[in-house]
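1. sequence isn't available, so here's the structure alone:
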């Protein structure tokens with residue numbers, strides 16, 4: 001065996017990178033070879049007379065063990081071999097010698113790097129080449145095997161013979177045989193899906209239809225004309241263009257409007273030698289290009305596919321991996337980020353009118369949403385901050401829109417605070433500097449003030465929603481029953497928690513009394529004996545108990561400021577007995593509490609004496625039975641509006657207040673009315 005290729009083929013193939021995402025790259029290399037071969041075939045009047053056929057040879061039914069094969073399963077059977085046929089010049093002596101030479105310079109002028117065929121052996125076991133070509137007015141056929149096992153091309157397996165010239169036509173058949181297992185899953189997709197990927201990669205050729213041969217793909221079941229598929233996806237055959245420069249480097253942008261049939265995103269494609277290298281999604285750089293657009297003339301939906309080309313891109317595509325460039329990122333004029341930035345800037349200028357229309361429509365939608373649903377973000381409608389809305393994609397709704405508004409809102413807050421800190425750290429050098437810094441400081445403080453107002457609006461809107469929920473819960477359900485008191489309890493303060501467990505903003509004690517929001521320790525649905533702030537053996541479990549400053553006590557360590565107990569009863573309950581009288585239940589809590597001892601700041605126990613004031617709120621419905629219990633107590637008086645009771649139990653030193661659910665909610669609404677009105681809530 002004598003290899004005609006002078007190199008360690010296996011080592012070179014092993015060094016090539018072919019990630020699974022680029023699984024079609026071996027086929028792409030064969031296609032571009034075919035296109036270039038067709039362009040050099042002088043017997044063809046135009047490149048359009050060229051023909052490329054790809055056959056994706058799928059495994060047979062017998063090779064795939066499926067209990068039941070649907071039509072879709074059959075059309076997505078794994079591919080084993082790929083055959084590429086073209087009517088280009090073929091493997092004449094010059095082309096065959098170039099094939100045998102690694103890093104051949106033959107196709108450098110058209111972007112060839114001389115390494116593409118190595119990708120065939122990266123993904124397939126071998127390649128069979130059969131080619132019919134002309135050499136000095138004679139017709140020949142060459143057939144050879146290309147494989148790692150043979151060291152590339154073995155001279156013993158190269159067959160060249162002269163063939164009759166009558167009816168002769170140039171033709172090359174490349175069979176990529178034995179797709180390797182790690183790439184088979186990627187090839188297991190429909191023929192149309194494979195076709196779309198080929199169009200995406202060679203789209204600059206399809207756009208320039210005068211230089212694009214006919215490309216047809218087939219499998220064991222069907223065929224697809226990619227030229228027709230692409231033509232059907234075009235909105236207009238007219239392609240727009242723009243240019244930009246970075247220093248002395250020139251770049252071209254070509255704007256193609258494609259129907260969603262082929263692509264579902266607006267993209268910028270970086271191309272080299274008329275082939276896509278990679279692409280970026282434009283919505284990541286221009287948020288208003290997040291969804292499809294509509295062409296005004298045809299009224300058809302489309303996505304922009306913008307192709308960037310330039311000599312600099314041709315020169316710096318990676319020889320060994322055509323899915324990336326090797327830019328000189330140390331050069332500020334040629335680094336990848338700058339090229340992308342300048343390209344995006346040029347695109348914005350070119351389609352500015354469309355972007356302005358999208359922005360205007362988006363602003364109306366966002367404004368309506370803010371005014372109706374989220375007034376806390378009103379600051380974003382201010383002319384000074386309206387530019388923040390440009391970062392929000394159009395067509396967002398509901399929760400998605402709210403989250404993006406939240407992000408932009410807090411950007412203002414963070415930036416204003418950051419700049420304020422920076423200004424405060426500077427020392428003015430003269431009077432003019434002092435005036436400048438003072439003016440800037442006032443500007444940033446104004447921004448912080450606006451954000452603070454917005455935060456207040458957010459909190460007011462939150463309060464309104466809590467009260468609406470409480471109002472809904474205290475009403476009768478469809479099944480004639482009322483919700484358990486624990487549902488309301490959870491809203492006011494989460495059960496089985498203490499004030500050490502949750503954030504200050506996570507409770508809604510303000511719905512009962514604003515003063516309850518300020519406390520040092522609270523226990524919800526906890527037994528006395530489990531509370532850290534008292535020493536007690538009692539197993540009684542009030543719904544909510546609040547100790548006012550239980551740890552850091554006053555100078556007189558025999559006193560504790562106040563204790564508050566809150567008890568909830570199920571709405572409309574009217575079956576109380578003497579044994580479960582809720583007033584007596586609270587008194588029993590107090591008895592156990594006064595027998596307990598509080599703990600001071602050092603953890604020492606302190607007696608809770610009989611004079612320590614205890615406030616008790618009983619949240620319930622004023623049913624006939626509850627009214628009788630209140631009237632018979634001897635220490636409670638009906639409130640002026642007849643929707644509750646209040647009074648002082650002298651023996652146990654308890655300030656009692658019975659509040660109906662309706663009164664609790666209405667009183668809270670009244671306290672917040674002016675804020676609700678200001679926000680039109």
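-> Done, it's in. Quantities reported herein were computed from a predicted structural model and do not represent experimental measurements. Residues are numbered from 1 along each chain as shown.
2. drop to CA atoms for contacts and neighbour counts, all remaining ones
-> Noted.
3. what comes up buried for stretch 145-164?
-> Neighbour-count burial for stretch 145-164 flags 145-148, 150-154 (criterion: 16 or more other Cα atoms under 10 Å).
4. need those residues in JSON lines (columns: distance to residue 227 and secondary structure).
-> Below are the buried residues of stretch 145-164 laid out as JSON lines (distance: Cα to Cα, whole Å; DSSP: H, G, I helix; E, B strand; the rest coil):
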{"residue": "145", "distance to residue 227": "31", "secondary structure": "strand"}
{"residue": "146", "distance to residue 227": "31", "secondary structure": "strand"}
{"residue": "147", "distance to residue 227": "33", "secondary structure": "strand"}
{"residue": "148", "distance to residue 227": "35", "secondary structure": "coil"}
{"residue": "150", "distance to residue 227": "38", "secondary structure": "coil"}
{"residue": "151", "distance to residue 227": "38", "secondary structure": "coil"}
{"residue": "152", "distance to residue 227": "34", "secondary structure": "strand"}
{"residue": "153", "distance to residue 227": "34", "secondary structure": "strand"}
{"residue": "154", "distance to residue 227": "38", "secondary structure": "strand"}
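5. TSV for those residues, including pLDDT and distance to residue 81?
-> Compiled in TSV, these are given as follows (pLDDT from 0 to 100; distance: Cα to Cα, whole Å):
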residue	pLDDT	distance to residue 81
145	94	15
146	93	14
147	91	14
148	89	17
150	82	19
151	83	21
152	86	19
153	87	19
154	85	22
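6. quick one: residue 619 and residue 513, what's the gap?
-> According to Cα to Cα, to the nearest Å, residue 619 and residue 513 sit 12 Å apart.
7. who's more crowded, those two?
-> Relative neighbour count places residue 619 above the other of residue 619 and residue 513, with 25 against 14, counting by other Cα atoms under 10 Å.
8. if that one is in a bridge, with which residues?
-> Residue 619 forms beta bridges with residue 568, residue 659, as assigned by DSSP bridges.
9. tell me the contacts of it?
-> 566-569, 658-661, 664 (Cα atoms under 8 Å, 6 or more residues apart in numbering).
10. nearest residue to residue 25 other than its sequence neighbours?
-> Excluding the flanking residues, the one nearest residue 25 by Cα to Cα, 6 or more residues apart in numbering is residue 119, at 7.3 Å.
11. the one you found looks like it's in a helix, true?
-> Yes: assessed with DSSP: H, G, I helix; E, B strand; the rest coil, residue 119 lies in a helix.
12. ok, residues contacting stretch 386-395?
-> So stretch 386-395 is in contact with 283, 287-291, 358-359, 362-363, 380, 404-405, 408, going by Cα under 8 Å, 6+ apart.
13. what is the lowest-pLDDT residue among those residues?
-> For these, the weakest pLDDT value sits at residue 380, with 85.
14. and that residue, backbone torsions?
-> Here is the backbone geometry of residue 380 (degrees, to the nearest 10): phi -70, psi -10.
15. circling back to that earlier point, tell me the contacts of the residue nearest to residue 25?
-> Residue 119 is in contact with 13, 16, 18, 25-26, 29, counting by Cα under 8 Å, 6+ apart.
16. residue 258: which of those residues is nearest?
-> Nearest to residue 258 out of these is residue 25 (Cα to Cα; 23.3 Å).
17. and the pLDDT at that closest one?
-> Residue 25 is assigned 89 on the pLDDT scale.
18. could you measure from it over to residue 287?
-> 31 Å.
19. so these two - more neighbours on which side?
-> A direct count of neighbours by other Cα under 10 Å for residue 25 and residue 287 places residue 25 higher, at 22 against 17.
20. separation between the more buried one and residue 38?
-> Using Cα to Cα, one gets 20 Å for the distance from residue 25 to residue 38.
21. any idea where the helices of the stretch 451-600 of the chain begin and end?
-> In the stretch 451-600 of the chain, the segments counted as helices under DSSP state H, counting those that start in this stretch are 485-492, 582-594.
22. now do the buried residues in the shortest one.
-> If you call a residue buried by 16+ other Cα under 10 Å, then helix 485-492 has these buried ones: 485-486, 488-489, 491-492.
23. also the longest one?
-> Across helix 582-594, burial judged by 16+ other Cα under 10 Å covers 582-583, 586-587, 589-590, 593-594.
24. least confident secondary structure element in this structure?
-> strand 605-607 (a mean of 62; mean pLDDT, DSSP states H and E).
25. surely residue 314 is in contact with residue 276?
-> No: assessed by Cα atoms under 8 Å, residue 314 is found out of contact with residue 276, at 10.8 Å.
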